[in-house]
Each structure stands twice: as structure tokens, then as C-alpha cells.
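**Student:** starting from these lines, generate the structure:
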Amino acid sequence: MVKIKADLSGEKILSNSKAASDLFSSQRFGEKSDEKIQYSLPEALFLVEDKKMDIYQKDKKLTIKQILNQFEKIDKKFKIKYIVFKDLRRKGYIVKTALKFGAEFRVYKKGANIGQDHAKWILYPVSETSELTWHDFSAKNRVAHSTKKNLLIAIVDEENDVSYYDIAWVRP
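**Tutor:** Sure, this is the predicted structure:
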């Protein structure tokens, strides 16, 4: 497979290569944006680590260390988000951004047909040392419920292991 050549411009990672279009069609990495494929930060690092993408900035290929430094400057919570993204993708789930839902990610069941099927979960990745108040929890649960999705909380521990909590409304 030919590696995707992507460009980091500001906070966006874009590619107009055939390899990017092919991977979008087959595995749903990225989102179509005009004639290009735009990647979320976790998607881009995942593809770099998987040796399917190289990221360039001003025509200079970035190392993984440089990519991590750039991404952590863009998003202070990048590391936690990436650990969860990587864990779910390795398990066969499709993970997409969910900013319009007020969440970090939306997660599709294995084998879902993106564009026809809806995401099952709205996902919030958190560190085990972070605090989540009942008010925060309730707000997140209401967002999930109003979008007809389950709330999925992913807690990343000190060893970078992830525990998932699937929260759904139940009528007594």
C-alpha cells in the first residue's frame, strides 16, 4: 500500500492523495472536505504509527516525536483521547469526532455502515485522576440521550489501560 502524504497546516491534517481516498472508502479514516480528506489528530497519529501515513509541515516530514509535540500543543487532552481512540480502533470500532454533539467522539458498532447507520455511543475519554461532578455527568448524559445515543465514559488509568462505562437511560 502507498503511504498517505498528509499536510499539517495550523490545526488541520489534510490529504488529497488517492491513498487517502481509498482508505476513507475502505476503513472510514478521515472526513471528506471538498476534494481532500481531513483527519482528526488521533486518526492521523494512529495512521502514522500504523505506517500508513506520513505527515509533513512546510514540506518537511515530521517524526513521531514532533507530531506528538505539535498535537499536544493543539490539544492539551490529546494523550488521553489518543489512548482511547487507539484502543477502540484496534478492537474494530469506528471512532469519529463528535464536536457538534458536545462530545469528544462518536463510536459506531463493529461493521457499521457510516452514512447509513448511526453511532451507538457519545464518548468522553477521561483520566482516572480527573474529576467529574454529578452536574457534568448529568449534562453529558442529557446530550447522549437527546441525540439518541448511549453515553460511554472511557477512563484511562496510570498504566494507560482503559475501562469503559456504558450509560443508558432506563425507564422503571
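**Student:** let me see the ranges of the strands in this structure.
**Tutor:** In chain order, the chain shows strands spanning 4-9, 12-15, 31-33, 36-39, 53-57, 60-61, 94-97, 105-108, 121-127, 150-156, 162-167, with DSSP state E as the criterion.
**Student:** tell me which of these lies nearest to Phe24.
**Tutor:** strand 36-39 (5.2 Å; C-beta to C-beta). The C-beta positions use only the backbone N, C-alpha and C, and glycine is treated the same way.
**Student:** direction included, what does the closest one pair against?
**Tutor:** When pairs are called by DSSP bridges, strand 36-39 turns out to pair with strand 12-15 (antiparallel), strand 31-33 (antiparallel).
**Student:** buried deepest among the ones you listed, which one?
**Tutor:** Using mean count of other C-beta atoms under 10 Å, the stretch among the strands paired with strand 36-39 with the greatest mean number of neighbours is strand 12-15 (a mean of 22).
**Student:** extract the CA atoms of stretch 10-23 and return them as CSV.
**Tutor:** Once side chains and other backbone atoms are set aside, the C-alpha atoms of stretch 10-23 remain, and they are given as CSV (Å, rounded to 0.1, in the frame of the first residue of the first chain):
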residue,chain,number,x,y,z
GLY,A,10,-2.5,25.1,11.6
GLU,A,11,-4.7,22.6,13.4
LYS,A,12,-5.7,20.6,10.3
ILE,A,13,-4.3,17.5,8.8
LEU,A,14,-5.3,17.2,5.1
SER,A,15,-4.5,14.9,2.2
ASN,A,16,-5.7,14.9,-1.4
SER,A,17,-3.9,11.7,-2.3
LYS,A,18,-5.6,8.6,-3.9
ALA,A,19,-4.3,6.5,-0.9
ALA,A,20,-6.3,8.8,1.4
SER,A,21,-9.5,8.5,-0.6
ASP,A,22,-9.0,4.7,-0.8
LEU,A,23,-8.5,4.3,2.9
